[in-house]
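Student: Give me coordinates for this.
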Amino acid sequence: MSAQPYPLWSTDRELLASRDRSTGEWIFPAVADASPLAARHETVAIEGAGEVYSFTVIHPSAKSGQAPYALGYVDFPGPVRIFGRLQGREQPAIGDRYRPRADADFGYVFEAVEA
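Tutor: Okay, here's the model as predicted:
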């Protein structure tokens, strides 16, 4: 995984976002320290599991050798909505709970949380 221009994970392995100091709005990914917007934002950890807002299942060409995979938006407390791969369930559903997990290929993925 290459170095990111913005912080992706805390030292405690929590996915990071930024919160606007005046409006309270959360954005992902976190604003880079070198950004002109850095002074307006504080870096915050995304805690707990989120709920699937929307998703789609991608069916790559048979020639690629890749299995189908799900991509979706997950709503986390904050609130902040994040797009990424959904893993751990063959067929996700709206409202399913997922937790962020570090991934060597994509930086992060969402892993299903068992009920």
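
Student: Would you mind measuring the gap between the ends of stretch 38-49?
Tutor: Start-to-end span of stretch 38-49 (C-alpha to C-alpha, to the nearest Å) is 26 Å.

Student: which outside residues touch that stretch?
Tutor: For stretch 38-49, contacts defined as C-beta atoms under 8 Å, 6 or more residues apart in numbering pick out 7, 10, 12, 14-22, 26-28, 30-32, 76-78, 80, 82, 97-100, 113. For the C-beta atoms, the positions are set from N, CA and C on the backbone; glycine is no exception.

Student: now the strands for the chain?
Tutor: With strands called from DSSP state E, the chain shows them at 16-20, 26-27, 41-45, 50-58, 69-76, 80-87, 97-103, 107-112.

Student: Kindly reformat these as JSON lines containing mean neighbour count and mean pLDDT.
Tutor: Below are those laid out as JSON lines (neighbours: other C-beta atoms under 10 Å; pLDDT from 0 to 100):
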{"stretch": "strand 16-20", "mean neighbour count": "19", "mean pLDDT": "97"}
{"stretch": "strand 26-27", "mean neighbour count": "17", "mean pLDDT": "96"}
{"stretch": "strand 41-45", "mean neighbour count": "16", "mean pLDDT": "96"}
{"stretch": "strand 50-58", "mean neighbour count": "16", "mean pLDDT": "97"}
{"stretch": "strand 69-76", "mean neighbour count": "19", "mean pLDDT": "98"}
{"stretch": "strand 80-87", "mean neighbour count": "18", "mean pLDDT": "98"}
{"stretch": "strand 97-103", "mean neighbour count": "18", "mean pLDDT": "97"}
{"stretch": "strand 107-112", "mean neighbour count": "20", "mean pLDDT": "97"}
